[in-house]
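Peer 1: Predicted model and sequence below, questions to follow.
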Amino acid sequence: MNCIVYTVAYNEEKNISKAIESIIAQTYTDWVYYVVDNGSADATWEIIQDYAAKDSRIIPRQNKTNGVFEPDVHYNDILRQYSPDDYFCWLDADDEYLPQFLEKTMHFALENTLDVVMCGYYTVELDEFGQEQKKFVFAPSKTLVLRQDDFIGRSDDFGNYFYCMRSIWAKLYRVKTFLAINLP
């Protein structure tokens, strides 16, 4: 089962390596990674190309102008090339996934026949001494599996559901489900 990972980067020469290396370090290895330079004016495109030259699973794409997507660069165009039953995740250029993110989310999705798997996430901030500190933004207190009409009448889970679904990252989507969302 393929997992398609997608990142768009604009002037991210300081961060893009961290994002790419977090995908290379995944314990689940059946992935393909589309890294899009979004018309950067810095060395982002060169960095992406360097990684792609070292790992054939990394597929570099480039927009000439920030926000103006070239053919076969937008995630909708890319995802339509894959099976509707493959999985997709988004990674911002200044973020990273822990090494077992794909393995754990893929396993959970397949084991439970799920279209979307969400997990908690944290930010890393510098404290007053310049040391990195993890700050949990969302840490679910329990496993919550919703199936079609299961959510009706489960208002006690709404906070977990809403907080996790309001962002695109830290999730694994079945391709057909993500395409059905019809984001711009």
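Peer 2: Sure thing, it's come through.
Peer 1: how about the strands in this protein?
Peer 2: Here the chain has its strands, by DSSP state E, at 3-9, 31-38, 58-63, 87-90, 116-118, 121-126, 132-138, 171-174.
Peer 1: What about the nearest residue to Ser40 once chain neighbours are set aside, how many residues nearby?
Peer 2: Nearest-residue entry for Ser40: Asn11, 4.8 Å, with adjacent residues in sequence omitted and distances by CB to CB, 6 or more residues apart in numbering. (C-beta placed from N, C-alpha, C; glycine too.) Neighbour count for Asn11, taken as other CB atoms under 10 Å: 17.
Peer 1: and Asn11, how far is that from Ile58?
Peer 2: Asn11 sits 19 Å away from Ile58, taking CB to CB, to the nearest Å as the criterion.
Peer 1: lowest average confidence, helix or strand, in the protein?
Peer 2: Taking mean pLDDT, DSSP states H and E as the measure, the chain has helix 158-165 as its least confident helix or strand, at a mean of 56.
Peer 1: picking that back up, may I see the strands of the chain organised as CSV, with mean pLDDT, mean neighbour count and distance to Asp72 added?
Peer 2: Converted to CSV, these look like this (pLDDT from 0 to 100; neighbours: other CB atoms under 10 Å; distance: least, CB to CB, whole Å):
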stretch, mean pLDDT, mean neighbour count, distance to Asp72
strand 3-9, 97, 24, 13
strand 31-38, 98, 23, 10
strand 58-63, 97, 19, 7
strand 87-90, 96, 24, 16
strand 116-118, 84, 20, 25
strand 121-126, 61, 12, 30
strand 132-138, 60, 10, 33
strand 171-174, 90, 22, 20
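Peer 1: wait, which of these is closest to Phe69?
Peer 2: Phe69 lies closest to strand 58-63 among the strands of the chain, at 5.8 Å (CB to CB).
Peer 1: Compute the inter-axis angle for that closest one and strand 3-9.
Peer 2: With axes from the mean of the first three to the mean of the last three CA atoms, to 10 degrees applied, the angle from strand 58-63 to strand 3-9 works out at 40 degrees.
Peer 1: by contact count, what packs against strand 58-63?
Peer 2: helix 16-24, strand 31-38, helix 44-54 (3 or more CB pairs under 8 Å, 6 or more residues apart in numbering; DSSP states H and E).
Peer 1: pLDDT score assigned to Asp72?
Peer 2: pLDDT, Asp72: 89.
Peer 1: Over to Phe69?
Peer 2: Reading off the model, Phe69 has pLDDT 89.
Peer 1: what bridges to the nearest residue to it once chain neighbours are set aside?
Peer 2: Ranked by CB to CB, 6+ apart and with sequence neighbours excluded, the top spatial neighbour of Phe69 is Asn63, at 5.8 Å. Residues in a beta bridge with Asn63, per DSSP bridges, are Asn38.
Peer 1: residues contacting Asn63?
Peer 2: Asn63 makes contacts with 36-39, 69-70, 73, as judged by CB atoms under 8 Å, 6 or more residues apart in numbering.
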